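Asks: Need coordinates for the below:
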Amino acid sequence: MGCLAVLSHFISRLGECSLPLYRLLKKSDQFVWTSETQIALDRLKELLAKAPVLVPLTEGEPLLLYIAATMQVVSTALVVEWEEEGHTLMVQRPVYFVSEVLMDTRTRCTQIQKLLYAVLIAKRKLHHYFELHPVTVVTSFPLGKVVWNPDTARRIAKWALELMG
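Replies: Have a look, this model is predicted:
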């Protein structure tokens, strides 16, 4: 599982596709290999065979942080947009991925809390990118309204300190 955790930095949404493997190894009393587990392992092999190539950056380049949250996994993708020859629009290239399988208590959080948690873990794990580059969070949820509301911001700060502490 430690190897999967390391690989999640290079493969988008790895935690989500390997969830059956996490569940299997989490159970200490029985080990039963199911068809769902085999499918997850086969999918993992496919992802490893065609992993995206991550790109190096120059200091100060603006980055985009895409965030996603499911019931049991939060994922982020840090990408850079470049102009490339032969393309009329900007091309997005992956820089880094962060994916975390949520423990039981965190699965009960609201969707907004999970998305904010995804930003928090990305900021904590990728602090060197956040320090050297402007980062824009990309989401369809109104996170900006939530964060800039003074009452909500206090509750979020308290929740984040408890969660990260």
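Asks: from here on, contacts and neighbour counts on C-alpha atoms
Replies: Will do.
Asks: can you tell me the helix or strand for the residue nearest the centre of the chain?
Replies: Nearest to the mean C-alpha position of the chain, counting by C-alpha atoms, centre = their mean, stands residue 75 at 2.1 Å. Here residue 75 sits within strand 73-82, counting by DSSP states H and E.
Asks: That strand: partners in the sheet, and parallel or antiparallel?
Replies: Looking at strand 73-82 with DSSP bridges, its partner strands are strand 63-69 (antiparallel), strand 91-101 (antiparallel).
Asks: what's the closest of those to residue 26?
Replies: Nearest to residue 26 among the strands paired with strand 73-82 is strand 91-101; the distance by C-alpha to C-alpha comes to 11.8 Å.
Asks: Just the buried residues of the closest one, please?
Replies: Of the residues in strand 91-101, those buried by neighbour count under the rule 16 or more other C-alpha atoms under 10 Å are 93, 94, 95, 96, 97, 98, 99, 100, 101.
Asks: could these go into TSV alongside pLDDT?
Replies: As requested, those are exported to TSV (pLDDT from 0 to 100):
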residue	pLDDT
93	86
94	86
95	88
96	87
97	85
98	87
99	85
100	85
101	84
